[in-house]
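Undergrad: Task: produce atomic coordinates for the following.
(2 chains)
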Amino acid sequence: MLTAAIVAILVTMILALIRAFLGPTEYDRMLAANSFGTKTVLLIALGGHALSWHSYLDVALLYAMVNFVGTIAVMRFFENREQDGTLETEKKA
Amino acid sequence: MSLLIEMLSAAFLLTGGFLCITGGVGMLRMPDFFSRVHAAGVTETLAAPLLLFGLLLQMEWSLEMVKVIMILIFILATNPTATQAMAKAALNGNQKPLVADETDTRGEGSSNS
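TA: Below is the predicted model of the structure:
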């Protein structure tokens, strides 16, 4: 059953990659990247247990944190950006 | 007892995998960004705990179980937050949700019947 779950996660990762390449806006690409990262955490946790790696759960935990911080950082960047691509803080300066 | 735990774990893993694929298909097929973020966020928040709980049932008692529970709590806390941040950023970035207007007659047959 671990194998079935891993195959399902891999299929979902491919679907997220298709959306990341296809996505009309940058938000779609970021959504696909965030989803891909979460699926990577699950893949490391399940695959590490199935293949009996050492200390794979530390890697998964760290990957979850990096994924979250990266998503929030990029979304803050998009949010503070004007239409012409410059930052609001750059304009004030 | 061991067989029962095995079957419970298999049920959790299969349900989690099914929800994973559902979220992926929804992310690919939905018409606009907000429905896509909804499909991905909602299914991920349920699929990740199901998969990790199925994994938890297969492990022996050790420190590894605590780490799995930590990952579970972390994903449960951060996934809705990231989804909300993405939807908020898209709304502030002049992305409009796709809504059916009054003159659109395509969806009338199914909604009014």
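
Undergrad: which parts of the helix or strand that contains A:V11 are buried?
TA: Per DSSP states H and E: A:V11 is located in helix A:2-22. Residues of helix A:2-22 classed as buried: A:2, A:5-6, A:8-9, A:11-13, A:15-16, A:19-20 (neighbour count, 16 or more other C-beta atoms under 10 Å in any protein chain shown). (Each C-beta comes from the backbone N, C-alpha and C, glycine too.)

Undergrad: Flag the least confident of those residues.
TA: Least confident by pLDDT among the buried residues of helix A:2-22: that is A:L2, with 88.

Undergrad: pretty sure that one contacts A:H49?
TA: Yes. The pair A:L2 and A:H49 passes the contact test of C-beta atoms under 8 Å, sitting 7.0 Å apart.

Undergrad: For the chain, give me the ranges with low pLDDT.
TA: Let's take chain A. Applying pLDDT under 70 to chain A flags the ranges A:82-93.

Undergrad: right idea, wrong chain: chain B
TA: Chain B contains residues with pLDDT under 70 at B:1, B:101-113.

Undergrad: And the helices in the chain?
TA: You didn't say which chain, so I picked chain A. A:2-22, A:26-51, A:56-79, A:88-92 (DSSP state H).

Undergrad: that's the wrong chain, I wanted chain B
TA: Ranges of helices in chain B, per DSSP H, are B:2-29, B:33-58, B:63-92, B:108-112.

Undergrad: Of those helices, which stretch is the most buried?
TA: Sort the helices of chain B by mean neighbour count, taking mean count of other C-beta atoms under 10 Å in any protein chain shown, and helix B:33-58 sits at the top with a mean of 21.

Undergrad: Just list the residues touching the closest residue to A:F78 other than its chain neighbours, thanks.
TA: Nearest non-adjacent residue to A:F78, counting by C-beta to C-beta, 6 or more residues apart in numbering or on different chains: B:A89, 4.9 Å away. Contacts of B:A89 were listed using C-beta atoms under 8 Å, 6 or more residues apart in numbering or on different chains, and they are A:27, A:75-76, A:78-79.

Undergrad: Farthest pair within the residues you listed?
TA: Spanning the widest gap among the contacts of B:A89 are A:Y27 and A:R76, at 13.1 Å by C-beta to C-beta.

Undergrad: So which of those two has more stuff around it?
TA: Higher neighbour count among A:Y27 and A:R76: A:Y27, with 23 against 12, using other C-beta atoms under 10 Å in any protein chain shown.

Undergrad: is it true that the more buried one touches B:A85?
TA: No. A:Y27 lies out of contact with B:A85 (C-beta under 8 Å); the separation is 10.7 Å.

Undergrad: Now for A:V41: which residues touch it?
TA: Shown in contact with A:V41 (C-beta under 8 Å, 6+ apart): A:60, A:63-64, A:67, B:48, B:71, B:75.
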